[in-house]
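>>> have a look at this prediction, sequence included:
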Amino acid sequence: MSEQETRQPGRTAVVTGAARGIGAAIARRLGRDGFAVAVLDLDEAAGKPVAEEIEAAGGRALAIGVDVADEQAVEAAVARVAAELGAPTVLVNNAGIIRDNLLFKMTAGDWDAVMGVHLRGAFLMSRAAQKYMTEAGWGRIVNLSSTSALGNRGQANYAAAKAGLQGFTKTLAIELGRFGVTVNAIAPGFIETDMTAATAARVGVPFEDFKAAAAKQIPVGRVGRPEDIAATVSFFVREESSFVSGQVIYVAGGPCD
Ligand code: NAP
């Protein structure tokens, strides 16, 4: 299906952590798909170039600074999206951080920070946005999980959060289905972003070598790009995907279990 056929003018989408990496690619893609896009990130100034790019391409966008783990800030940001761009009926919970360490070295702060952004953040954003979706009788929520949900050395906090997001996804799908709202999760494998560059730095391997080694383990023979994830979001949020809900799709260049 061409991008032209996926266009949905008139709806508003919110993407968290959209200043860079996967979130920025999702925001750009949804802009091209015809959504007005709220580009949420910790730093409003960091999200502005993405919003400007969407507008330069003929779309509508707004950059908002918000910490997704901050209850009041989330309520205010979602209300501002509704007032300035339109009722947010698409939400992509993408904001994420890593605080990797082996269990015996992991601090309670590392644990809480990761749970705060991924789980509390997705909960607060979804709770704020569902009001507009259920009122509209239409909505799409997409949560960013990870192949790390299946277990990954040095990521006890992140793996637990990403596995938690899968249970969160399925539960919201059950609760919100009757309101025309679908809820799905994408679990990416290795995607080339600042986050994977930080992992390479942590283990002391040059990023190019790190990517080449990862690509050898991936059936399609390459690492992922942010656009691979954006294309999957575009599928979940389109009109005709209304019977696809509560699913976790691994976008990893091969099977995962
Ligand atoms: P990234 O390049 O590190 O970008 C993450 C973005 O989230 C940054 O712009 C960051 O802002 C923002 N953010 C962090 N904490 C936030 C908060 N409390 N409130 C609002 N925004 C916040 O990461 P990415 O690689 O694009 O990953 C995006 C998502 O995909 C994450 O959920 C990640 O766990 C998931 N994922 C990534 C991979 C991969 O291989 N890259 C694989 C599986 C899953 P700052 O720049 O200000 O910190």
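Perfect, I can see it now. Numbering: from 1, shown residues only.

>>> going forward, measure contacts between C-alpha atoms and count neighbours the same way
Fine.

>>> which residue ranges form the strands in the stretch 101-250 of the chain?
Ranges of strands in the stretch 101-250 of the chain, per DSSP state E, counting those that start in this stretch, are 139-144, 181-188, 248-251.

>>> identify all contacting residues around the shortest one.
Translated: strand 248-251. Residues outside strand 248-251 that contact it (CA atoms under 8 Å, 6 or more residues apart in numbering): 146-147, 166, 184-189, 228-229, 256.

>>> residues from the stretch 51-200 of the chain in reach of the ligand?
Within the stretch 51-200 of the chain, the residues that sit near the ligand (CA under 6 Å from any ligand atom) are 66-69, 94-97, 117, 144-146, 187-196.

>>> just the buried ones out of those residues, please.
Buried members of these, counted by 16 or more other CA atoms under 10 Å: 66-69, 94-97, 117, 144-146, 187-192, 195-196.

>>> please save the CA atoms from stretch 176-196 in PDB.
Taking Å, rounded to 0.1, in the frame of the first residue of the first chain, the C-alpha atoms of stretch 176-196 are listed here in PDB:
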ATOM      1  CA  LEU A 176     -10.800   0.000  25.300                       C
ATOM      2  CA  GLY A 177     -11.900  -2.200  22.300                       C
ATOM      3  CA  ARG A 178     -15.500  -1.400  22.800                       C
ATOM      4  CA  PHE A 179     -14.800   2.300  22.300                       C
ATOM      5  CA  GLY A 180     -13.200   1.700  18.900                       C
ATOM      6  CA  VAL A 181      -9.700   2.000  20.300                       C
ATOM      7  CA  THR A 182      -7.000  -0.500  19.400                       C
ATOM      8  CA  VAL A 183      -3.900  -1.000  21.400                       C
ATOM      9  CA  ASN A 184      -0.800  -2.800  20.100                       C
ATOM     10  CA  ALA A 185       2.900  -3.000  20.800                       C
ATOM     11  CA  ILE A 186       6.000  -3.100  18.600                       C
ATOM     12  CA  ALA A 187       9.000  -4.900  19.900                       C
ATOM     13  CA  PRO A 188      12.000  -3.700  17.900                       C
ATOM     14  CA  GLY A 189      15.300  -5.600  17.700                       C
ATOM     15  CA  PHE A 190      18.500  -3.700  17.000                       C
ATOM     16  CA  ILE A 191      17.700  -0.300  15.600                       C
ATOM     17  CA  GLU A 192      20.400   2.100  14.700                       C
ATOM     18  CA  THR A 193      19.900   5.100  17.100                       C
ATOM     19  CA  ASP A 194      21.700   7.000  19.900                       C
ATOM     20  CA  MET A 195      20.300   4.400  22.300                       C
ATOM     21  CA  THR A 196      22.200   1.500  20.600                       C
END
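
>>> grab the nearest non-local neighbour of Pro49.
Excluding the flanking residues, the one nearest Pro49 by CA to CA, 6 or more residues apart in numbering is Ala19, at 7.9 Å.

>>> how many residues are close by the one you found?
Around Ala19 there are 27 other residues, counting by other CA atoms under 10 Å.

>>> distance check, it against Ala63.
For Ala19, the distance to Ala63 equals 9 Å [CA to CA, to the nearest Å].

>>> and of the contacts of strand 248-251, the nearest to Ala24?
Proximity of the contacts of strand 248-251 to Ala24 (CA to CA) peaks at Ile229, which lies at 10.8 Å.

>>> list the contacts of the closest residue to Ile22 other than its chain neighbours.
Excluding the flanking residues, the one nearest Ile22 by CA to CA, 6+ apart is Pro226, at 4.5 Å. By CA under 8 Å, 6+ apart, the contact set of Pro226 is 21-23, 25-26, 191-193.

>>> change it to 7 Å
Listed by CA atoms under 7 Å, 6 or more residues apart in numbering, the contact set of Pro226 reads 21-22, 25, 191.

>>> likewise Lys48?
By CA under 7 Å, 6+ apart, the contact list for Lys48 reads Ala63.

>>> off-centre distance for whatever helix or strand it lives in?
Using DSSP states H and E, Lys48 sits in helix 44-56. Mean-position distance between helix 44-56 and its chain equals 17 Å (CA atoms, centre = their mean, to the nearest Å).
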